[in-house]
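Undergrad: A structural model of the following input is requested.
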Amino acid sequence: MSTPATRPPAFGEGQSACIDLHTHSTASDGSRTPADLARAASAAGLTAVALTDHDTLDGLPEARAAAAETGIRLIDGIELSAMEHGVETHMLGLHLGDTTELSQRLIAVREMRMTRAQRIVERLNALGIPVTFEAVLKESAGGAVGRPHVARAMIAGGWATDFREAFEKYLGNGKSAYIPKGTLALHDAISLIHRAGGIAVLAHPGAGCTRERVVALVELGLDGLEVLHPGHSWDEARRLDALASELGLVRSGGSDWHGATDGARSLGMMRVPAQWLSDHDARVATRRSRRVA
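TA: Residues are numbered from 1 along each chain as shown. Model prediction:
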């Protein structure tokens, strides 16, 4: 995981509120329970936090209850894995409402995740690493299984020293134990988010995000770009900010916090402007009013 560059005076300077619109809990691959995450966000001085676990909504009820106790605003979210021209792409769904249809579709996605993890373990075993699928499930603690859980099982067994080694040698894209993930088509992911009453935001688009790519996604219904993310340089963030402005997209941002495993990352570190959340609310209200009409 990359360490973010020192933040220059930009974006969140002088904001009266601090928000974080990208976090993970033990419902997927984070190290803190949904309730603990909500409490940690409140303790960090945040006024709003989005729980965006990978391909699952299971942590939202618990996080919502804890947020109500602390007075922090909890934004119902998810980070969906989708395929874009054969490449895995992550799409944030924020401000979700009725998730009945989305929940049903996620059952198949979780089954795909489970099958993928089993195949990764088999590949590792063939490479001489005797990690077991049971150890991976133990690390997931009932959450949506992913490569980070395989990495944790490898570290616990002494077959990798840390996440970086596990991914750079075995689990990263194109590495010796990498197995592609069966996922939603990108247009399906965006449509499911919209039918759940939310907005679709391209997660951590980074340096490879061209204007042509974003224009194509806008045609599929994309609502916004994650401008502020620890993996972005500040030049990239400014470029994405300008691109969002040009194309009429909302801006988003967050720490992509996973808890204890995240080293230098911390809740609220990106200083996302409160105005961006107001812009989200306006977009959600407009979308929902059109559906009613």
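
Undergrad: so where do the helices sit in the stretch 151-293 of the chain?
TA: 163-166, 186-195, 211-219, 234-247, 274-292 (DSSP state H, counting those that start in this stretch).

Undergrad: Identify the residue spatially nearest to residue 173, adjacent ones excluded.
TA: Sequence neighbours aside, residue 88 is the residue nearest to residue 173 in space, at 7.9 Å (criterion: Cβ to Cβ, 6 or more residues apart in numbering). The C-beta positions use only the backbone N, C-alpha and C, and glycine is treated the same way.

Undergrad: Can I take it that that neighbour is in a strand?
TA: Yes: assessed by DSSP: H, G, I helix; E, B strand; the rest coil, residue 88 belongs to a strand.

Undergrad: hang on, the earlier thing: determine which stretch of the helices of the stretch 151-293 of the chain is the most buried.
TA: helix 186-195 (a mean of 20; mean count of other Cβ atoms under 10 Å).

Undergrad: Can you list the neighbours in contact with that one?
TA: 78, 80, 82-84, 89, 91, 93, 96, 101-102, 105, 184, 199-200, 217, 220-222, 287 (Cβ atoms under 8 Å, 6 or more residues apart in numbering).

Undergrad: Run through the residues that contact residue 105.
TA: 184, 188, 192.

Undergrad: before we move on, which element is it in?
TA: helix 100-126 (DSSP states H and E).

Undergrad: For the next helix or strand along the chain from that helix, which residues meet the burial criterion?
TA: Where DSSP H and E defines the elements, the next helix or strand beyond helix 100-126 is helix 133-140. For helix 133-140, a neighbour-count test (16 or more other Cβ atoms under 10 Å) marks 133, 135, 136, 137, 139, 140 as buried.

Undergrad: Show me what the mean pLDDT comes to for helix 133-140.
TA: Helix 133-140 comes out with an average pLDDT of 93.

Undergrad: so the residue nearest to residue 173 sits right up against residue 81, yeah?
TA: Yes: counting by Cβ atoms under 8 Å, residue 88 does reach residue 81; the two are 5.9 Å apart.

Undergrad: Excluding chain neighbours, what is closest to residue 140?
TA: residue 149 (4.4 Å).

Undergrad: Which pLDDT value does the model give the residue nearest the centre of the chain?
TA: The centroid of the chain falls nearest to residue 79 when counting by Cα atoms, centre = their mean (4.2 Å). For residue 79, the model assigns a pLDDT of 97.

Undergrad: ditto for residue 3
TA: 43.

Undergrad: got any residues that touch both of residue 88 and residue 81?
TA: 181, 183.

Undergrad: Please identify which of these two sits among more neighbours.
TA: residue 81 (21 against 13; other Cβ atoms under 10 Å).

Undergrad: Residue 161: neighbour count?
TA: 10.

Undergrad: what's the residue nearest to it when sequence neighbours are not counted in contact with, if anything?
TA: Excluding its sequence neighbours, the residue lying closest to residue 161 (Cβ to Cβ, 6+ apart) is residue 155, at 7.1 Å. Applying Cβ under 8 Å, 6+ apart to residue 155 gives the contacts 161, 162, 163, 166.

Undergrad: Quick check: the gap between residue 155 and residue 81.
TA: Here residue 155 is placed at a distance of 23 Å from residue 81 (Cβ to Cβ, to the nearest Å).

Undergrad: what residue ranges in the stretch 51-200 of the chain score low on pLDDT?
TA: Counting by pLDDT under 70, the stretch 51-200 of the chain contains low-confidence residues at 182.

Undergrad: In three-state terms, label the nearest residue to residue 185 once chain neighbours are set aside for me.
TA: Among residues not flanking residue 185 along the chain, residue 83 sits closest, at 5.9 Å (Cβ to Cβ, 6+ apart). Three-state call for residue 83 (three-state DSSP): strand.

Undergrad: so residue 83 touches residue 90, yeah?
TA: No: at 11.0 Å, residue 83 does not count as touching residue 90 under the criterion of Cβ under 8 Å.

Undergrad: I'm done for today, thanks for sticking with me.
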